[in-house]
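[1] just a sequence and a predicted model for now, questions to come.
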Amino acid sequence: MYWEVIEVRPEPGGSLFVRFADGVAGYVRFLPDYFTGVFERLRDPAHFAQVFVDQGAVAWPGEIDLAPDAMYEQIRRNGEWVLSGELEEAPA
């Protein structure tokens, strides 16, 4: 699939660089309020740095992952996907 992640690496400031199978690339930026619930463990920089690609998705140990299709759409449009604990508003 075109939205399959083929490369991920942690970046300074708690963000990720990702590259997709079709060459689209950009960043996932986490706002501090995103790290709740299952994502709480990612507050630890050592755990965050353990990011890897698992069957085309961005993942961490402990069965934590991000949806590659939603990530792809935001990065393709904006160059980045900003994740916040706030609910996203539906596009007008």
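    Sure thing, it's come through.

[2] measure stretch 11-21 end to end?
    Its first and final residues considered, stretch 11-21 spans 20 Å by C-alpha to C-alpha, to the nearest Å.

[3] over to stretch 38-53?
    Calculated as C-alpha to C-alpha, the first-to-last residue distance of stretch 38-53 is 18 Å.

[4] so for it, what gets flagged as buried?
    By neighbour count with 16 or more other C-beta atoms under 10 Å, stretch 38-53 contains the buried residues 39, 42, 48, 51, 53. Every residue, glycine included, has its C-beta placed from N, CA and C.

[5] wasn't the first one part of a helix?
    Yes: under the criterion used here (DSSP: H, G, I helix; E, B strand; the rest coil), residue 39 sits inside a helix.

[6] list the residues that contact it.
    Shown in contact with residue 39 (C-beta atoms under 8 Å, 6 or more residues apart in numbering): residue 64.

[7] next, count neighbours for residue 2.
    12 (other C-beta atoms under 10 Å).

[8] ok, for it, nearest residue in space, not its chain neighbours?
    Spatial nearest neighbour of residue 2, chain neighbours left out: residue 22 (4.3 Å); criterion: C-beta to C-beta, 6 or more residues apart in numbering.

[9] quick one on the thing from earlier: which ones among the buried residues of stretch 38-53 are found in strands?
    Residues of those located in strands (DSSP state E): residue 53.

[10] the buried residues of stretch 38-53: which two are farthest apart?
    Pairwise distances among the buried residues of stretch 38-53 were taken by C-beta to C-beta; the largest, 18.0 Å, belongs to 39 and 53.

[11] my read: residue 24 touches residue 74, true?
    No: if you go by C-beta atoms under 8 Å, residue 24 and residue 74 don't touch, sitting 10.6 Å apart.
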